[in-house]
Structures are given as structure tokens and as C-alpha cells.
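# Quick one: sequence and predicted model below, then my questions.
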Protein chains: 2
Amino acid sequence: MNKKPPGGQTAVLSRPPRLLAWASVAGKKEGEGPLAHTFDVVGQEDHFGAASWEKAESAMQKLALSTALKKAGLPPSALDWLLAGDLLNQCIGSAFAARDQDIPFLGLYGACSTMAESLSLAAMLLDGGFGTHAAAMTSSHFCSAERQYRTPLEYGGQRTPTAQWTVTGSGCVILGREGTGPAVTHVTVGKVVDKGIKDANNMGAAMAPAAADTILAHFRDTGRKPSDYDLVITGDLGQLGHQLLGELLRAEGLQLPHLADCGTLIYDLEGQDVHCGGSGCGCSAAVLCGLLLGGMEKGRWRRILFCGTGALLSPTSTQQGESIPAVCHGVAIEQEGQG
Amino acid sequence: MNKKPPGGQTAVLSRPPRLLAWASVAGKKEGEGPLAHTFDVVGQEDHFGAASWEKAESAMQKLALSTALKKAGLPPSALDWLLAGDLLNQCIGSAFAARDQDIPFLGLYGACSTMAESLSLAAMLLDGGFGTHAAAMTSSHFCSAERQYRTPLEYGGQRTPTAQWTVTGSGCVILGREGTGPAVTHVTVGKVVDKGIKDANNMGAAMAPAAADTILAHFRDTGRKPSDYDLVITGDLGQLGHQLLGELLRAEGLQLPHLADCGTLIYDLEGQDVHCGGSGCGCSAAVLCGLLLGGMEKGRWRRILFCGTGALLSPTSTQQGESIPAVCHGVAIEQEGQG
């Protein structure tokens, strides 16, 4: 049986793996925002006990993993796979978090789509018969991202109106081949889309076409209708990218009644001076592992399409005049009992 | 059926995917070395028609992919997955290579273990029933790596005796669920191992313990004997790391009669001034997609264990005084008809 029909981009899981437990870790600013009550751990300051911002990112991942494992009632040795990645050069946030674990490690890079990418691969590995438990994880940190991608914080550079604020946060999901919890039923893996946007301070516009491409592919591949989902939510397009996505989808005849974006939800866009909203791998990870999966548990949503969006640029590619390639992976997550 | 027994690190493929075709692309220096005759494409100069070293890396990946597809007699649209990664910050070598393809893309980061990581995941996805064809690919470039990890080439920095030379090269393997060619029968995914080595110019020493850990796990998990393999070959430990690996394995009672390293084979260690040998994602990729798979085709080897090794450091982690975490993934590749 081919669980990923030819011509499409969507894998149909034959025995949908369950999300057994999850944990979110967030920084101080995120802990002062509208989703504060949904995070498992909120840092009182953003060092998380570490000596550098980069090490703080690893500390957040370790905290997310240990908290999720505790909630699942599993020891680390129960995990067959740890799939993780982050935004730092050479993904050191994840590598150094994985160093203290005794778990087979698969490093990923999908920029801000990494939470969806790690979930996708973890679900396919388990559904494919490889192991019984996996962890999918990612993180980002405002301070490490700013100095790596833009300027040192001390420089105090002015932010453009289309800029987004990198979330300080991490999320970790524990998947199981058996058990209870929301299930991953479909995975739509994105193609790399680049419509020529060159402004590295306008990632929403760069990523919106990739999000549209994957969402359209998902509905085309599955034959589902917009009303089949209580929520279609993108990773972190921010306010502008979110508007653009709605326009792109409508132009293709797809009207989604419940379309949202993690980047516009994690902060108070009026009161927290974040311009277009949140971004960073940790944004969609912390929103998924807080608001979204918590909301599914409480019955607020029964079926969501979680679409991680990533801008695959680097400061070097920008300096060399390149436009911004982007990717989006869609993961259908459903509560049991829905057909 | 659980194809990855608990407690171990090894996935046993139930219907081993085939390596249908492969292609290697190499730079000028590599084309002057002992493996020159094994590469599909050798650049006359290292720009590969591109305006920067980073763009040259993408150009090499595109060339490797198109050459491998041509050899397989497949159009790009036949591919269900493209799994790729590289050493550049934010893996732009792969992202920009994937941009011109119309293929679902999964970005990886495993440093110099990426060829083995991409092969591992591609094989598990196909064996798991997800799609029929996948491409696994990576690259590295001496000039882009030097300026990113060390110093600008123009600076002319002195190299230490333990240094390795980043290979300018790329490799791409096309895997199929059906077809003929060597098969991937086992995948041993590594844990992140860090024995405290802090010298970023001595990656062989940092990676050897990870290689030992994974090779020992492979033999433990599978119950195989050293004589079951015609060749156990590591990614790019270089001369020093290769010696260390032999010592580490012997200390654990494992004597491998046919242990080799891609990093020591790709250059003439005496005549090409590369100190400990080759390194970079492109090293093991180009050796696999040239010497090794070509040699299997010609009957030189019937069963090899290909062990990609990666040092998961970054210049930032080194500057912050951190030691070097490393990982190694082992892929058993076998010609048909061997039990």
C-alpha cells in the first residue's frame, strides 16, 4: 500500500500516531502576553539559568523535553527518536540539548516550519513501523536570533513596520504508536516556493505563497472541505502574511472560515510593540504545545490543520541579493472519533 | 510489527529500498585526487557557473540531482521526497537547490553525517509505505566552509596538523521502493556523543567516539559479525580520527578487518597538502556516490556499513568555550542475494 499517493504531497497515516503529551516553555515577554496561561513553563528572565542566549535555547529545549516526558509518564529511554532543529547556525540549540540525552537523534532544519517538520517525520516513522515513541521539538530565542540574523541587541536598531518578533520559547510533543490523545492523520509536505520577495524584514510576505501552496495541496490531495477543519493555523506569517495568505487562497477559490496564525496570537499586537507579530521556530511550537493541543484536549477544536511556515534564507543569501525561498508543512491533528 | 526493536538504535527495513541511481559532483582539487575517475562530474573551476561560493554549492546539488535522475531514467516529478541538508548557515545550499524543484522538501542538519541521515530517513519513509521514490542529497564547498567556519581565504591562515580539508563536492542518491540496485537493509541512528574535545581543528577526535558508539550499537543490535561486512566506512574522521576509532573499537573488543574512512581516501594525503584528509558533507557523499556504490556495482564489495559522522558545533559554540557534540548514523547497504 502506498500511503503517499503519487502526484500529491500528502501522506495518509494508516494507523495515526497519537500525541501522548506535550510541553511548552516561554520567555518573559511571551509570559506577559495573551497566551501566558497556556504555557507549561514561563521564564522569569530569559537566560533559563544559562551563560549565553544560545545556551539558554538549549536549556529551554531540555526543559520542554523533560516536562513533556514527565506529563507522558515516560522515561527518556522510552523514546526511539528525538527529532529536533532550530534557527541557530548549525542548529546548536538542538544539538546541545540532545547531547545530554541518550536518544537516537535526527537533526532537522526547516526554519520556522521545524515544529511541523519534526511532527511530520516523527508521525511517518512511527506509522511506518519504526519504533513506538518519538519526540518532536524545536525552539527559538529573541536574543540569539537578533544577534545572529540582524544586529546586536545593544545596537538598538529600528525595526521596520513589517518586522516580526522572534519568540523566546520551545515546544516538545511526545508521539506514540499506541495510547490516547489527538492523532496525526495526514501530513502534507511542502515544496520550496520563492515568489521573489527580497525584504528579510518582511518574512510574512515571503512565506504566505508557500503556505497557500501547501494548504491548497492538502485540500486537493485529501478531497476535504474547509468545513472539515475547526481551525487551519499557520506557523508565523504575522499580521501582514496572514492577510496575504487569505487573499491568495481566495484567489484560488478556497475560503477558510477558521484561518488563524500563531504569530498573531502569541503577543498582544497593540500593546507589546511586536509590529506584525511573533516568529521563530519557538512561536508555532509554543502555541501548538499550549493553546492548540490544550484547546483540543478541552474540546475547543476537534480537527486542526497545523501549518508550519519557514523562510529558508540566511543573512549571507540576503547579502548576496537573493530572494527568500519558503516552505510550509501541514499536519492534520484530530481528536479520536471523528471520521 | 516494530521494525525498530526497543532499546536498540537500529531500524530493520522489511522490504529494503533500492538505490536506483546516484551521482557525484566534485571540485577541481578532488578531481586531481585518487578518486578522480569515480566522479560523474568534475568542475574545471569551483564556481560551477555561479556568482558566489554559496551559490556554487547549490549549483553542485542541482547538478548531482539532475545527473542522478537522468541515470535513473526518472523525471523530477517521480520523486515523492527530496531530503537534503548542508553545512552552510541555515542550510542555504540545499534550500536554494530545492527552490527550482517541484518536489516535497525535508530539510536536514546533521553536519557531515547528512548523507547518511538523508539516506536513513529516505529509506525508512519508503519502507514505511510513504511514496515510491526519494532523493537523498548533500554538499559542501571548501571556499564557503572556510569563510564561514574559519577565516576568509584571502587571510591565508595557517592550518594545524590535525585540520581536515573541506571537500568541494556533492552527492545524490535516488532511492526506490521497487527496482534494482544495492538495498538499504538496516539503519542505525546515532546518539549525540560529546567526550569533551574542544579543538575545532581536530574534528576527527571529536567524532571518533560517536562513530564508535554507533558502530558498536549496530553490531550489538543486529547480532552481525565483523566478517559480515566487506567494508565498514566512516564519513570523514580523517587520518587521526580513523586511528582513534580503531583504538576505541578494539578497546571494546571489536576488531574490524575492513575499516576505512572517506576522508582519508578522497585526497592524496601525501601530495595534496590536506593534513588529516577530507571533511564536509560533500566528502562522504561524493565517495559514496562514486567509489563505494560504483564499487558495489562492479562487485568489489557486496555489503558495506556506511557511517556518516557529523560534528555538531558552530563557531559560536566554540567561541563560548563549548566542547564538540558529534553524531554518527550507520546505513547497511547490500547487493541483492546476500542473506
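The structure has been received and is ready for your questions.
# make it CA atoms for all contacts and neighbour counts henceforth
Will do.
# In terms of pLDDT, where does the nearest residue to A:Gly8 once chain neighbours are set aside sit?
Take A:Gly8 and drop its neighbours on the chain: the residue closest to it by Cα to Cα, 6 or more residues apart in numbering or on different chains is A:Asp221, 5.8 Å away. Listed pLDDT for A:Asp221 reads 98.
# so what's the backbone phi/psi at the residue in chain A positioned nearest to chain B?
With Cα to the nearest Cα, the shortest gap between chain A and chain B falls at A:Gly128, namely 3.6 Å. The phi/psi pair for A:Gly128 (degrees, to the nearest 10) reads phi -70, psi 0.
# Report the contact partners of it.
Residues counted as contacts of A:Gly128 (Cα atoms under 8 Å, 6 or more residues apart in numbering or on different chains) are B:124-125, B:127-130.
# Select only the buried ones of the residues you listed in ChimeraX?
This is the ChimeraX syntax for the buried subset of those, where burial follows 16 or more other Cα atoms under 10 Å in any protein chain shown:
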select /B:124,125,127,128,129,130
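# Closest to chain A out of the contacts of A:Gly128?
Of these, the one sitting nearest to chain A (Cα to the nearest Cα) turns out to be B:Gly128, at 3.6 Å.
# which non-adjacent residue is nearest A:His141?
A:Thr168 is the one closest to A:His141 (Cα to Cα, 6+ apart), at 4.0 Å.
# Would you check that the residue nearest to A:Gly8 makes contact with A:Pro6?
No. Counting by Cα atoms under 8 Å, A:Asp221 stays clear of A:Pro6, with 10.0 Å between them.
# Pull the number of nearby residues for A:Glu178.
Applying other Cα atoms under 10 Å in any protein chain shown, we find 15 residues neighbouring A:Glu178.
# same check, this time on A:Gln101
17.
# Downstream of the helix or strand containing A:Cys143, the next helix or strand is which one?
Taking DSSP states H and E as the criterion, A:Cys143 maps to helix A:142-149. Sequence order places strand A:165-166 as the next helix or strand after helix A:142-149, per DSSP H and E.
# Now do the residue of chain A closest to chain B against B:His218, distance only.
Shown here: A:Gly128 relative to B:His218, a distance of 21 Å by Cα to Cα, to the nearest Å.
# now swap in A:Ile266 and tell me
44 Å.
# Next: A:Ile92.
Applying Cα to Cα to A:Ile92 and B:His218 gives a distance of 26 Å.
# and the helix holding A:Cys143, which residues are buried?
A:142-145, A:148-149.
# Can you tell me which of the residues you listed lies closest to A:Asn202?
Checking the buried residues of helix A:142-149 against A:Asn202 with Cα to Cα, the nearest one is A:Tyr149 at 13.3 Å.
# where does stretch A:94-108 sit relative to the chain's centre, distance-wise?
Distance of stretch A:94-108 from the chain centroid (Cα atoms, centre = their mean, to the nearest Å) equals 18 Å.
# Could you do stretch A:247-256 as well?
Worked out by Cα atoms, centre = their mean, stretch A:247-256 lies 23 Å from the chain centre.
# With only the CA atoms kept, save that stretch in CSV.
Taking Å, rounded to 0.1, in the frame of the first residue of the first chain, the C-alpha atoms of stretch A:247-256 are listed here in CSV:
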residue,chain,number,x,y,z
GLU,A,247,-6.1,36.7,-0.3
LEU,A,248,-4.0,34.1,-2.1
LEU,A,249,-6.4,31.3,-1.0
ARG,A,250,-9.5,33.3,-2.0
ALA,A,251,-8.0,33.9,-5.4
GLU,A,252,-7.7,30.2,-5.8
GLY,A,253,-11.3,29.7,-4.7
LEU,A,254,-10.6,28.5,-1.2
GLN,A,255,-12.4,30.3,1.6
LEU,A,256,-11.3,29.1,5.0
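# Show me what counts as buried in it.
A:247-249, A:254-256.
# Inside strands: which ones of those?
When the buried residues of stretch A:247-256 are checked against strands (DSSP state E), there are no matches.
# For those residues, give me CSV that also has distance to chain B.
Formatted as CSV, those follow (distance: Cα to the nearest Cα, whole Å):
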residue, distance to chain B
A:Glu247, 23
A:Leu248, 19
A:Leu249, 20
A:Leu254, 22
A:Gln255, 24
A:Leu256, 23
